[in-house]
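Q: Any chance you can model this:
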Amino acid sequence: MESAALSARDRSLFQQGYDYSPQELRTLSWGLRFTPSVCMLGALCALYMQAPRLHFALAALGMLPFWFPDKHPLDFFYNKVVRPLWSGVVLPPNPLPRRIACFMGGSMNILIGASFVYGNVPLAYTFGAVLIALQLIVISTHFCLASWMYEKLMTLLGRWSAPLPVGEAKRLVGEGAKLVDVRDPDEFQQGHLEGAVNIPVGQISQHVEEFKEQAVVLYCKSGLRSQEALQLLKRQGGATAYNLGAMARWSS
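A: Numbering: from 1, shown residues only. As a prediction, this is how the structure comes out:
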């Protein structure tokens, strides 16, 4: 069980969709900076040269992962060429929030390129300044505005709920609620909260009737899968379910 509270870095990476333990995120942290760093340098060069074609090429590069999460050319280059130089960790496929961020970055490059094409250089530099600033923030802190906006939108649409306060979760479990770990069985075997049972998120819908009779408190590594499990139960109707979120919160 992870005993430390979530750091700002971990929270930002979870927000981008990386559902891993803090230890695993630490090993991924530098590698995940590679692609946005290269994209930022490319955007800077294109701005300096006032080269709309280069901006359009960067746009295509950024938008590609939206449809092909495991085929980002820069991630592939990092995994095959850069990573082996220091035996780094292989970058996983891009999760949906990060893919949305890449798509928005590509859209910004299209706006910059179109501004140059139509002769509006000040507007191109304005879009460029915004893009570079956002990329710098991602590179330095892992905070991604697009991923943050995605989470807020899901909350607004009722598809994302704030995690249950830890004290309230412990009270519910103490009163008889079932504590459910929705991670995969191998993750569960490596460590879990005391008294928890393992029901992977893909199997959660099979237990709706059971949860109508007994309240359930869900958790996973980061809160993403437990959030998904909560929404699945809500759609089925009748279950009394709560989302603790990240396992590390239990001891925070």
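
Q: quick one: least confident helix or strand in the protein?
A: Scoring the helices and strands of the chain by mean pLDDT, DSSP states H and E places helix 22-28 at the bottom, with a mean of 81.

Q: ok, and for it, which residues are buried?
A: For helix 22-28, the neighbour count (16 or more other CB atoms under 10 Å) marks 22, 24, 25, 28 as buried. C-beta: built from backbone N, CA, C; applies to glycine.

Q: quick one: which of those is nearest residue 120?
A: For those, the minimum distance to residue 120 (CB to CB) is 39.2 Å, reached by residue 28.

Q: how much space between the closest one and residue 144?
A: According to CB to CB, to the nearest Å, residue 28 stands 14 Å off from residue 144.

Q: Over to residue 181?
A: Relative to residue 144, residue 181 is positioned 27 Å away (CB to CB).

Q: surely residue 177 meets residue 218?
A: No. If you go by CB atoms under 8 Å, residue 177 and residue 218 don't touch, sitting 10.2 Å apart.

Q: Specify which residue of these two has the higher count of neighbours.
A: residue 218 (30 against 19; other CB atoms under 10 Å).

Q: number of nearby residues for the closest residue to that one other than its chain neighbours?
A: Computed as CB to CB, 6 or more residues apart in numbering, the closest residue to residue 218 that is not its neighbour in sequence is residue 226, at 4.1 Å. Here the number of neighbours of residue 226 (other CB under 10 Å) works out to 30.

Q: Name the helix or strand for residue 226, please.
A: helix 224-236 (DSSP states H and E).

Q: Neighbouring strands - and their directions - for the helix or strand following that helix?
A: The helix or strand immediately downstream of helix 224-236 is strand 241-246, counting by DSSP H and E. Strand 241-246 has the following strand partners under DSSP bridges: strand 216-220 (parallel).

Q: Pull the residues that contact the partner strand.
A: Residues outside strand 216-220 that contact it (CB atoms under 8 Å, 6 or more residues apart in numbering): 19, 164, 169, 172-173, 177-183, 193, 196, 201, 204, 226, 229-230, 233, 239-247, 249-250.

Q: Can you give me the buried ones in stretch 111-131?
A: Within stretch 111-131, the residues that count as buried by 16+ other CB under 10 Å are 111, 112, 113, 114, 115, 116, 124, 127, 128, 131.

Q: looking at this, the fifth one is in a strand?
A: No. Counting by DSSP: H, G, I helix; E, B strand; the rest coil, residue 115 falls outside a strand, being helix.

Q: Could you pull out the strands in the stretch 101-250 of the chain for me?
A: Remark: strands assigned in the stretch 101-250 of the chain by DSSP state E, counting those that start in this stretch are 178-181, 197-198, 216-220, 241-246.

Q: Most tightly packed of those strands?
A: Comparing the strands of the stretch 101-250 of the chain by mean neighbour count (mean count of other CB atoms under 10 Å), strand 216-220 comes out on top with a mean of 27.
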